[in-house]
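Asker: how would this look folded up:
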Amino acid sequence: MMCAQLCQLAGRCSMLAAMFLLAAMATTSTAFYLPGVAPRAFEMGEKIALHVNRLDTTESIMPFDYYYFDFCKPGETLNGTDHGRLGAKVTENLGQVVLGERIRDGPFHLRMLKSEVCQPLCHRTYDNQNKEDYVNYKRLFLAIKRDYLNHWIVDNMPSAECTTNCRGGRTTEDLPYYRLGFPVGCAIGDEEYVMTICTRNNINNMYPNEVFINNHVDITIKYHESEEFEGYRVVGVEIAPRSLAHKDPTKPDCSPSAAPQVFKLSDPETKAEKLDFTFSYSVYYDASDIKWASRWDSYLQSSEGTRIHWFSIVNSVIIIVFLSGMLAVIFFRTLSKDISRYNMDDTEKDEIQEEFGWKLVHADVFRAPQRGMLLSVCVGTGTQLVLMSIITLTFACLGFLSPATRGGLMTAMITLWVLLGSVSGYISSRLYKTFGGEQWKKNVLLTCNLFPGVIFLVFFILNLLLWIEGSSAAVPFGTLVALTVLWFFVSLPLTFIGAYYGFKAEPIDFPLRTNEIPRQVPPQSLYTKPVPSMIMGGILPFGCIFIQLFFILNSIWSHKLYYVFGFLALVFVILAITTMESTILLCYFHLCNENYHWWWRSFLTGGAAAFYLFGYEIIFYFRRMEVDGSANLFLFVGYSFIVALLFWLITGTFGFVGCFYFVKRIYGMVKVD
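Answerer: Alright, predicted model coming up:
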């Protein structure tokens with residue numbers, strides 16, 4: 001009766017919370033459309049909004065808001081009579097906020113087909129005796145030294161810098177290669193890392209050991225015009241940053257021969273000094289044959305191409321064929337002979353040697369494991385993650401979660417995680433009931449709070465560090481409250497509902513009975529002990545994904561677009577098959593050694609690839625990333641731990657499910673008196 005009342009109460013709370021979730025998504029998300037379905041056409045002279053986003057770099061994990069730096073603000077005048085205001089925030093969805101995007105209105109005035117040439121925007125004078133001026137100078141100076149990139153947005157298209165000679169000398173007309181964003185400036189001289197060159201001319205030899213700021217941008221808006229529609233559609237945004245020393249702020253000089261703007265201000269204790277420079281911009285419009293539906297193609301060109309992805313797939317398929325061959329030998333030769341021998345008549349058995357191997361543990365193989373509640377929670381949460389991954393990849397492959405849908409991937413994952421709480425509750429409670437457990441309340445609370453609580457705690461600690469550093473990646477307090485509301489008022493009630501039906505269902509039926517007295521496990525050889533078997537079990541699954549893992553890590557930490565969801569879906573399927581097959585193989589060896597403790601062993605062996613993944617992430621940090629500092633290392637390890645924990649639950653569930661059906665199948669074919 002109490003369980004039914006709790007279920008009804010949970011159902012009401014879940015319905016109210018779901019209504020709150022839909023209302024929140026409706027008010028916080030931008031308009032959704034499939035790529036190539038809902039284009040927008042601008043009329044001549046119509047205003048085109050240019051939004052600014054956070055600045056990031058490959059030399060630090062911490063991004064910063066655009067107006068954290070002393071850039072021009074909307075409404076700011078050149079003579080300084082009006083200091084302007086911070087650009088208004090653009091409505092963002094949940095995924096964008098969690099990922100640290102901070103989109104605001106920019107200070108530029110763009111109108112369709114209305115070109116602007118060398119227009120002054122605002123003027124800056126830094127006095128090193130003024131504390132505020134010096135702080136603003138140091139922020140920009142460090143942004144230049146660390147190669148921070150601006151990210152602007154026009155009609156949902158990211159700004160990009162078109163670089164030349166990026167394909168062995170071929171020009172951009174032959175194959176344009178775009179780098180998302182453009183640098184704040186450049187540092188020339190003896191630097192630890194190679195910095196960006198500010199101008200089109202090589203100034204390494206002209207200005208050694210100097211720092212320059214990109215105070216001018218040439219904005220080129222590519223548009224498409226057709227008889228099929230009225231107006232003009234934006235199909236590309238190219239930014240060409242330059243460093244120009246404008247002598248007269250009211251009449252800036254943007255000629256190619258103009259000298260670059262040196263960005264240098266002495267330390268206040270050295271001597272009094274001032275730095276003057278002007279921000280300016282030009283806007284050009286270029287007609288293009290690219291259609292609106294194909295405007296993302298140029299941005300999504302991969303420098304590695306698809307060959308390396310196919311190589312990864314072929315490599316993984318070879319591993320699957322190898323494992324499948326071994327399993328085929330076990331099933332069709334060894335197991336078939338064993339089952340035939342075990343199912344003989346008593347008169348025939350007397351003539352054969354005494355039983356040995358996996359048949360001897362038939363009365364203990366389905367004995368409930370120790371800490372069965374924790375195992376059921378792990379499997380329930382893992383099932384929730386597996387279904388979330390499958391649904392997300394399906395929608396991503398169909399184009400619903402393309403890069404054009406900003407934050408859509410993260411929003412979908414969070415939403416699916418919350419709504420699939422009922423699945424984790426059902427799986428966990430039914431498995432726990434099968435183990436003979438009776439503490440159903442504790443089981444439900446652990447299912448919905450254990451792993452989400454660990455992840456939220458680590459995420460909150462990392463978020464505190466980002467708050468202290470002033471990074472835009474710090475999730476606002478209001479968003480943390482919203483995530484907590486989704487957790488306790490949507491996911492938790494749904495978990496209770498799933499658990500109610502899980503406990504109401506019949507326990508999973510096993511083909512053999514379990515003896516009251518457990519059988520003693522004989523001494524085990526080295527390869528059947530827990531740690532060696534986990535080491536062996538994690539190698540092959542990790543070998544199937546490590547190439548694709550490199551691209552994912554490179555895309556995340558190098559701030560590139562990742563869009564090959566078709567390959568990722570194939571790798572996910574291969575990962576599931578490989579993990580199941582390798583775990584089944586090791587499980588069979590354990591049973592042949594009369595070790596019937598396979599419940600936890602199957603989950604831990606399947607999840608062992610997560611340890612390889614975590615180790616690979618750490619190696620990637622030190623070998624591939626240009627990041628230094630204890631704060632960055634702490635952030636990277638924290639995020640890597642969260643990813644490895646989720647991966648451990650997913651692969652552990654794969655291994656457990658594969659072994660469960662394998663054991664149930666082979667012992668179901670054995671006749672026992």
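Asker: just confirm Tyr126 is within a helix.
Answerer: No: using DSSP: H, G, I helix; E, B strand; the rest coil, the secondary structure at Tyr126 is strand, not a helix.
Asker: bridge partners for it, pull those for me.
Answerer: Tyr126 forms beta bridges with Leu275, as assigned by DSSP bridges.
Asker: what about it, how many neighbours?
Answerer: As a burial measure, Tyr126 scores 21 neighbours (other Cβ atoms under 10 Å). Yep, even glycine has a C-beta here, placed from its N, CA and C like the rest.
Asker: check Ser402 too.
Answerer: 19.
Asker: tell me how far it lies from Glu469.
Answerer: 32 Å (Cβ to Cβ, to the nearest Å).
Asker: swap in Phe212?
Answerer: Taking Cβ to Cβ, one finds Phe212 at 26 Å from Glu469.
Asker: of the two, who's got more company?
Answerer: Neighbour count, other Cβ under 10 Å: between Phe212 and Glu469, Phe212 has more, with 28 against 16.
Asker: I'd assumed that one was in a helix, is it?
Answerer: No: going by three-state DSSP, the assignment for Phe212 is strand, not a helix.
Asker: show me what it bridges to in the sheet.
Answerer: Beta-bridge pairing for Phe212 (DSSP bridges): Cys186, Val262.
Asker: ok, now which ones touch Phe611?
Answerer: 534, 538, 644 (Cβ atoms under 8 Å, 6 or more residues apart in numbering).
Asker: so how many other residues sit close to the first one?
Answerer: Meaning Met534. 18.
Asker: that one belongs to a helix?
Answerer: Yes: membership of Met534 in a helix is supported by three-state DSSP.
Asker: for it, which non-adjacent residue is closest in space?
Answerer: Excluding its sequence neighbours, the residue lying closest to Met534 (Cβ to Cβ, 6 or more residues apart in numbering) is Ala608, at 4.0 Å.
Asker: now Trp487
Answerer: What sits nearest to Trp487 in space, not counting adjacent residues and going by Cβ to Cβ, 6+ apart, is Pro452, at 6.2 Å.
Asker: in the helix or strand where that neighbour lies, which residues are buried?
Answerer: Remark: Pro452 resides in helix 440-469, with elements defined by DSSP states H and E. The neighbour-count check on helix 440-469 (16 or more other Cβ atoms under 10 Å) flags 440, 443-449, 451-452, 456, 458-459, 462-463, 465-466, 469 as buried.
Asker: and it, how far from the chain's centre?
Answerer: Remark: helix 440-469 is offset 18 Å from the chain centroid, using Cα atoms, centre = their mean, to the nearest Å.
Asker: now the angle from the helix or strand following it to helix 440-469?
Answerer: Using DSSP H and E, the helix or strand that directly follows helix 440-469 along the chain is helix 477-486. Interaxial angle, helix 477-486 versus helix 440-469 (axes from the mean of the first three to the mean of the last three Cα atoms, to 10 degrees): 170 degrees.
Asker: who are the packing partners of helix 477-486?
Answerer: Packed against helix 477-486 by the contact rule (3 or more Cβ pairs under 8 Å, 6 or more residues apart in numbering; DSSP states H and E) you find helix 2-28, helix 94-98, helix 408-419, helix 440-469.
Asker: give me the mean pLDDT for the first one.
Answerer: Averaged across helix 2-28, the pLDDT comes to 38.
Asker: got a list of contacts for stretch 119-131?
Answerer: Taking Cβ under 8 Å, 6+ apart as the rule, stretch 119-131 contacts 70, 72-73, 76-80, 84, 107-108, 133-134, 136-137, 246, 249-250, 252, 265-268, 272-283.
Asker: so which of the residues you listed belong to helices?
Answerer: Secondary structure defined by DSSP state H assigns 133-134, 136-137 of those to helices.
Asker: assumed Glu659 was part of a helix.
Answerer: To be clear, residue 659 is Cys; Glu isn't right here. Yes: assigned with three-state DSSP, Cys659 falls within a helix.
Asker: quick check, Leu140 in contact with Ile213.
Answerer: Yes: at 6.6 Å, Leu140 counts as touching Ile213 under the criterion of Cβ atoms under 8 Å.
Asker: contacting residues around the residue nearest to Met534?
Answerer: Counting by Cβ under 8 Å, 6+ apart, Ala608 touches 534-535, 537-538, 651.
Asker: could you rerun that using 7 Å?
Answerer: By Cβ atoms under 7 Å, 6 or more residues apart in numbering, the contact set of Ala608 is 534-535, 537-538.
Asker: could you do Leu568 as well?
Answerer: 393, 548.
Asker: let's see 10 Å
Answerer: 309, 389, 393, 396-397, 545, 548, 551-552, 562 (Cβ atoms under 10 Å, 6 or more residues apart in numbering).
Asker: next: Pro518.
Answerer: 363-364, 367, 596-597.
Asker: tell me the one of those residues nearest Ser558?
Answerer: His597 (44.1 Å; Cβ to Cβ).
Asker: roughly how far does that closest one sit from Val211?
Answerer: With distances taken as Cβ to Cβ, His597 is found 64 Å from Val211.
Asker: mind checking which of these two has more residues around it?
Answerer: A direct count of neighbours by other Cβ under 10 Å for His597 and Val211 places Val211 higher, at 23 against 17.
Asker: what pLDDT is listed against the closest residue to Phe108 other than its chain neighbours?
Answerer: Using Cβ to Cβ, 6+ apart and skipping residues adjacent in sequence, the residue nearest Phe108 is Leu50, 4.7 Å away. The confidence metric pLDDT takes the value 95 at Leu50.
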